[in-house]
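Participant: Here you go, sequence then predicted model.
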Amino acid sequence: MSNRFILMSKRPRFPFLAILALVTSPQAMIFAQSLKASPEGQAFISLTEARFVFPQYSEQLYQWDVPIKGAYPGGAEFMWEVRWPDQYIKDGEDPLALWLTSTWKLGGPHKGNLAKLIAGRTVDPMINCTTCDGAVFVDTQRDTTKVFATVEGGRLVFNIRGRDAVRRIFSKTPDVVTFVRTVRQTPREHGPGDSENSQTILVNCHSAATGGRRNACIVPPKKKPPDPDSAAAANTPREVYVQVLRFSDATLVRNIEVMIKMPDNKVWAVMSTGQVGGFWMRQPPLGPLLLLAKCPLGTPRRTTISGTLFLGITPHLDSTVHLMTDLTLCSARGSVR
């Protein structure tokens, strides 16, 4: 792997790590209580600060600078990353992820806790290089006093402090973020191999708001379908993931009902996008479907249809589809309040 600090491979095998600072604001106190209550990853973004708490891992003590065939000084050994969907960034201008990495050095192995492992490491906002071949670079406007990592309760936290710092990294607030931790300590024939853990989390979701339900803020990964040419695929119902988006800015529409009709115009099902802005549905055996997005609860024109999608499904191939909505149709005055 190329280990460049200004220009790096776009899909680095190892993300950069972040740690948290002391919390003093009322909002931060809520974050701290949520941190104590939930082992899952947590992401909180406001106008003046942001915190990204990595999931609780089993390790209490770490070992690094482990002598392994193929390891070299400066090569990434531990990586932490927080990334968000491309739809929330201006390509080549806005950061697409935060990275923290611990690189390999001679003289190991060394042992200690997480705070010792990441001591002196920076959290780097990364931007896509539009004139390069699959590369990203560290944001030249980064301020390491405002974007940094801490360890709280044995968990890594990325912190962003101040209105300007938050606005620089998030021109739009994402609905979800993905936490990735990669460890390169698996012996392989040609050098260290990777072990990776990832988890996608709803932003500004905490256990108090979900009734304390475990894993309530985790976005489930998409299920992998069988090989389309396999015998299993021939007998496997197709699954489709439907995301409902605003036509104006392509953001997710949460808690909106979608009515699904069969070719005979009978209602087959009514689904809700919930907090994740989408839902899984299984293909019924009777041909194409018509999806009709209703107006959100509480809008003047509750019965109005805000978006439609005709879905002709190819058998046995799972996919994601987008149902676009115009929510201005839901307001009595023609605009959403």
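Facilitator: Nice, I can see it. Numbering: from 1, shown residues only.
Participant: May I see the buried residues of stretch 58-66?
Facilitator: Of all the residues in stretch 58-66, those buried under the rule 16 or more other Cβ atoms under 10 Å are 62, 64, 65, 66. Every C-beta, even on glycine, is put in place using the N, C-alpha and C of the backbone.
Participant: Got the domain ranges for this structure?
Facilitator: Following automatic domain parsing, one gets these domains for the chain: 7-210, 231-330.
Participant: Please identify the deepest-packed of those domains.
Facilitator: domain 7-210 (a mean of 18; mean count of other Cβ atoms under 10 Å).
Participant: chain center to that one: distance?
Facilitator: Distance, stretch centre to chain centre, for domain 7-210: 12 Å (Cα atoms, centre = their mean, to the nearest Å).
Participant: Against which helices or strands is the helix or strand encompassing residue 164 packed?
Facilitator: According to DSSP states H and E, residue 164 maps onto helix 163-169. The contact analysis (3 or more Cβ pairs under 8 Å, 6 or more residues apart in numbering; DSSP states H and E) places helix 163-169 against strand 49-53, strand 95-103.
Participant: tell me, which of the domains of the chain is the model least confident about?
Facilitator: Among the domains of the chain, domain 231-330 carries the lowest mean pLDDT, a mean of 78.
Participant: from memory residue 293 sits against residue 304, does it?
Facilitator: No: between residue 293 and residue 304 there is no contact under Cβ atoms under 8 Å: 9.9 Å.
Participant: looking at the chain, which residue lies furthest from center?
Facilitator: residue 264 (39.0 Å; Cα atoms, centre = their mean).
Participant: Looks to me like that one is in a strand.
Facilitator: No: assignment of residue 264 by DSSP: H, G, I helix; E, B strand; the rest coil gives coil, placing it outside any strand.
Participant: Pull up the gap between it and residue 321, please.
Facilitator: The gap separating residue 264 from residue 321 is 22 Å, by Cβ to Cβ, to the nearest Å.
Participant: With residue 220 instead?
Facilitator: Residue 220 is 17 Å from residue 321, by Cβ to Cβ.
Participant: Likewise for residue 83?
Facilitator: 23 Å.
Participant: cool, and residue 69?
Facilitator: 46 Å.
Participant: now do residue 45
Facilitator: For residue 45 relative to residue 321 (Cβ to Cβ), the value is 28 Å.
Participant: hey, where'd the strands end up in the stretch 151-300 of the chain?
Facilitator: According to DSSP state E, counting those that start in this stretch, the stretch 151-300 of the chain carries its strands in the segments 155-161, 176-186, 193-202, 239-246, 257-261, 267-272, 278-282, 289-294.
Participant: from the chain's centre, how far out does stretch 261-275 sit?
Facilitator: Counting by Cα atoms, centre = their mean, stretch 261-275 comes out at 28 Å from the chain centroid.
Participant: Over to stretch 192-212?
Facilitator: That offset, for stretch 192-212, works out to 8 Å (Cα atoms, centre = their mean).
Participant: Ok, stretch 290-301 next?
Facilitator: For stretch 290-301, the distance to the chain centre is 27 Å (Cα atoms, centre = their mean).
Participant: Need the contact partners of it.
Facilitator: Stretch 290-301 is touched from outside by 242, 244, 253, 255-261, 302-311, 323, 325, 327, 329-332, 336, with contacts defined as Cβ atoms under 8 Å, 6 or more residues apart in numbering.
Participant: again, only using 7 Å
Facilitator: Taking contacts as Cβ atoms under 7 Å, 6 or more residues apart in numbering, the residues outside stretch 290-301 that touch it are 242, 244, 255-261, 302, 304-311, 323, 325, 329-332.
Participant: Same check on stretch 154-172?
Facilitator: Under Cβ under 7 Å, 6+ apart, the answer for stretch 154-172 is 17-21, 45, 47-54, 56, 60, 80, 82, 88, 90, 94-95, 98, 114, 123, 125, 141, 143, 146-150.
Participant: again, 6 Å this time
Facilitator: 17-21, 47-54, 56, 80, 82, 88, 94-95, 98, 123, 125, 146-150 (Cβ atoms under 6 Å, 6 or more residues apart in numbering).
Participant: Helix or strand for the spatially closest residue to residue 191 that is not a sequence neighbour, just tell me which one.
Facilitator: For residue 191, ignoring the flanking residues on the chain, the nearest one in space by Cβ to Cβ, 6 or more residues apart in numbering is residue 70 at 2.5 Å. Assigned by DSSP H and E, residue 70 belongs to no helix or strand.
Participant: I'd assumed residue 193 was in contact with residue 70.
Facilitator: No: counting by Cβ atoms under 6 Å, residue 70 stays clear of residue 193, with 9.3 Å between them.
Participant: so where do the helices sit in the protein?
Facilitator: In order along the chain, the chain carries the following helices (DSSP state H): 26-37, 114-118, 163-169, 231-234.
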